[in-house]
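Participant: Give me the fold of what follows.
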Amino acid sequence: MKNNVTEFILLGLTQDPLKQKVVFAIFLVFYTATVLGNLLVILTIKTSSTLGSPMYFFLTYLSFADSCFSSTIAPKLIVDNLSKKQTISFDGCMTQLFCMHFFGCMEVLVLVLMSYDRYVAICKPLHYTVIMNQKLCGILVIFALVGALVHSITQIAPAFNLPFCGPNVIDHYLCDLQPLLRLACADTYVINLLVVSNSGTVCMASFTILMTSYIFILYSLRNHSAEGKRKALSTCTAHIIVVIIFFVPCIFIYTRPPIIFPVDKLVSVFYTIVTPLLNPLIYTLRNAEVKNAMAKLWSNRLNSDK
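Facilitator: Just a heads-up that it's a prediction; the model follows:
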């Protein structure tokens, strides 16, 4: 069947003009803070000689994924709240869909790598430098990138080939698969199963791996000193907060039958807008090494300007 749709209309978070201005202001602040915060984390790690451990190596890629993931969604949402007609072209929709799943999956896999790094550091401290060597870390990051690419291609391929012959109104602020499939002029039952088995499996499997690793970490802490327990618990608590805020909404969206709920848009805000902002805050404000490195970076900057 021929595809007659060249653009989609996004209804956004609200149609109320006053509320749109509020949404514009809030998410402009969120997005600006997200990009600046993550770029600051990357700059601090790259310029600091004390942040050379695998944890910070993975944190660099997490911040990169967060910046790109947020940039895939937030700018369009911000601009749309000042526009009279909120539209996105068919190609733009497919691009957003691809980038969202690529950087989202990359973030998921990097979080898994970070949990593995913490597991080795806390549960096998004597073998940590041998196991988490530079070569292995590089291979793991390549694995995350390839895995994200495969995931995003398998998500976009079925949607790209679907016929859209008339309805083009998406009740969302982004081009996500579930609301998009409802507009197709074809039976999408099999594709919906593929979406659930793909994104749903990635979310559930990653969440299970992450929580299992933290359970092992917390169990192993019984043999550590009071200071070691405090430091490890602080790190693990920060990671668990990120995991819950990111994965619970994802699981709610991607592991159920193709049913659209009014609350879906608000739930999506947590993993598309809130989590990319929280990551740099949690990993810096709760980490003395990063805070010290940032202070040194700022001090050097001030001295160079004098």
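
Participant: Show me where the chain dips below the pLDDT cut-off.
Facilitator: 1-3, 224-225, 227-228, 231-232, 234-235, 257-258, 285-287, 298, 300-306 (pLDDT under 70).

Participant: Now do the strands in it.
Facilitator: For the chain, applying DSSP state E gives strands covering 7-10, 87-89, 169-170.

Participant: Dump these to a markdown table, plus distance to residue 222.
Facilitator: C-beta coordinates here come from the backbone N, C-alpha and C atoms, glycine included. Shown next, in a markdown table, are the strands of the chain (distance: least, C-beta to C-beta, whole Å):
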| stretch | distance to residue 222 |
| --- | --- |
| strand 7-10 | 51 |
| strand 87-89 | 53 |
| strand 169-170 | 51 |
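
Participant: Out of those, flag the one nearest residue 202.
Facilitator: strand 169-170 (22.9 Å; C-beta to C-beta).

Participant: what helices or strands is that closest one leaning on?
Facilitator: Here strand 169-170 touches strand 7-10, going by 3 or more C-beta pairs under 8 Å, 6 or more residues apart in numbering; DSSP states H and E.

Participant: got a list of contacts for the strand it packs on?
Facilitator: 80, 85-90, 93, 168-170, 172-175, 180, 183 (C-beta atoms under 8 Å, 6 or more residues apart in numbering).

Participant: Then stretch 197-211?
Facilitator: 101, 105, 108-109, 111-112, 115, 151, 154-155, 177, 239-240, 243, 247, 250-251, 254-255.

Participant: Write a ChimeraX command that selects only the buried members of these.
Facilitator: Listed next is the ChimeraX selection for buried residues among the contacts of stretch 197-211, using 16 or more other C-beta atoms under 10 Å:
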select :101,105,108,109,111,112,115,151,155,177,239,240,243,247,250,251,254
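
Participant: coming back round to it: possible to save the strands of the chain as TSV with mean neighbour count and distance to residue 64?
Facilitator: Rendered in TSV, the data for these read as follows (neighbours: other C-beta atoms under 10 Å; distance: least, C-beta to C-beta, whole Å):
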stretch	mean neighbour count	distance to residue 64
strand 7-10	18	27
strand 87-89	16	25
strand 169-170	17	28
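
Participant: so how many other residues sit close to residue 64?
Facilitator: Each residue near residue 64 was counted by other C-beta atoms under 10 Å, and the total is 18.

Participant: Please apply the same query to residue 275.
Facilitator: 25.

Participant: Also residue 248?
Facilitator: 15.

Participant: which residues of the stretch 101-250 of the chain fall in helices?
Facilitator: Secondary structure of the stretch 101-250 of the chain (DSSP state H, counting those that start in this stretch): helices at 128-131, 134-160, 177-181, 189-195, 201-220, 226-254.
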